[in-house]
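Peer 1: quick check, what structure comes out for this input:
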Amino acid sequence: MPINAEYRGPGELPEIIPVFPLPGALLLPRGQMPLNIFEPRYLAMVDDALRDSHRLIGMIQPDLAHSNNEAKPALFRVGCVGRITQLAESGDGRYILELTGIARFEVIEELTVLTSYRQCKVDFFAYADDFIARKGEEEVDREALLKVLTDFLKANDLKVDWEGIESAPNEALVNALAMMSPYGPPEKQAILQAPDLKTRAEILIAVTEMDLARKRTSGDPPLQ
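Peer 2: Purely as a prediction, here's the structure:
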């Protein structure tokens, strides 16, 4: 989705951003993530982001395996910042919004702040290639990706818009399938931290093949 702001490199993004910890949430550059915001602290975060010209929110997963504080769990070190590109008021106090992914970031430190939501100092320079649309997509094994998608759909008795899939560029296809995948936080984090699009696709294929193999050998349903 085109956005009004053009970010051409890491230096055009702020060093301090609000973060929204959400298990299993995966936002990738140029991907779209719908969010239903209802907690007061995150309503405040959206209000503050809208006052800021950047309108940015950092999506990041809580690292529950290494957390001692359920109210404020540790965070993974890598997330993805998105810009609010759509917003609607529900009439019952909620915001329905969509984030469009800009670039991944590394957390330098979490800040002590007065806001009810969390904020982090971050670095985008490790992911400078995220600002280049469709970089490396010619290296993606599209045939293997579509094969494992076909197997997954068949195993789960699902249908998709094949016409849309076949016309999608490799970057859009890989990122959309990754963001919609039903896997858990560790798998989502591995996909997020893949160094390039080719590796991201390979991880997605491998995780899906493992899930399908588990189903065939155990008779259990696939991950949902």
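Peer 1: any idea how far the spatially most central residue of the chain is from residue 78?
Peer 2: Most central in the chain under CA atoms, centre = their mean is residue 27, positioned 1.4 Å from the mean C-alpha point. Residue 27 sits at a distance of 11 Å from residue 78 (criterion: CB to CB, to the nearest Å). Any C-beta I mention is one placed from the backbone N, CA and C, and that applies to glycine too.
Peer 1: which residues are contacting stretch 27-35?
Peer 2: 1, 20, 25, 59, 79-80, 82, 85, 95-104, 130-131, 133, 171-172, 175-176, 178-179, 192, 200 (CB atoms under 8 Å, 6 or more residues apart in numbering).
Peer 1: equivalent analysis for stretch 119-128, please.
Peer 2: Against stretch 119-128 from outside (CB under 8 Å, 6+ apart): 9-10, 13, 15-19, 58, 60, 75, 79, 81, 103-111, 113, 130.
Peer 1: just the buried members of those residues?
Peer 2: For the contacts of stretch 119-128, a neighbour count by 16 or more other CB atoms under 10 Å gives the buried set as 10, 13, 17-19, 58, 60, 75, 79, 81, 103-107, 130.
Peer 1: inside strands: which ones of those residues?
Peer 2: 17-19, 58, 60, 79, 81, 103-107 (DSSP state E).
Peer 1: make CSV out of those and add pLDDT and distance to residue 204.
Peer 2: As requested, these are exported to CSV (pLDDT from 0 to 100; distance: CB to CB, whole Å):
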residue, pLDDT, distance to residue 204
17, 98, 26
18, 98, 28
19, 98, 24
58, 98, 23
60, 98, 20
79, 98, 19
81, 98, 22
103, 98, 20
104, 98, 16
105, 98, 21
106, 98, 22
107, 98, 24
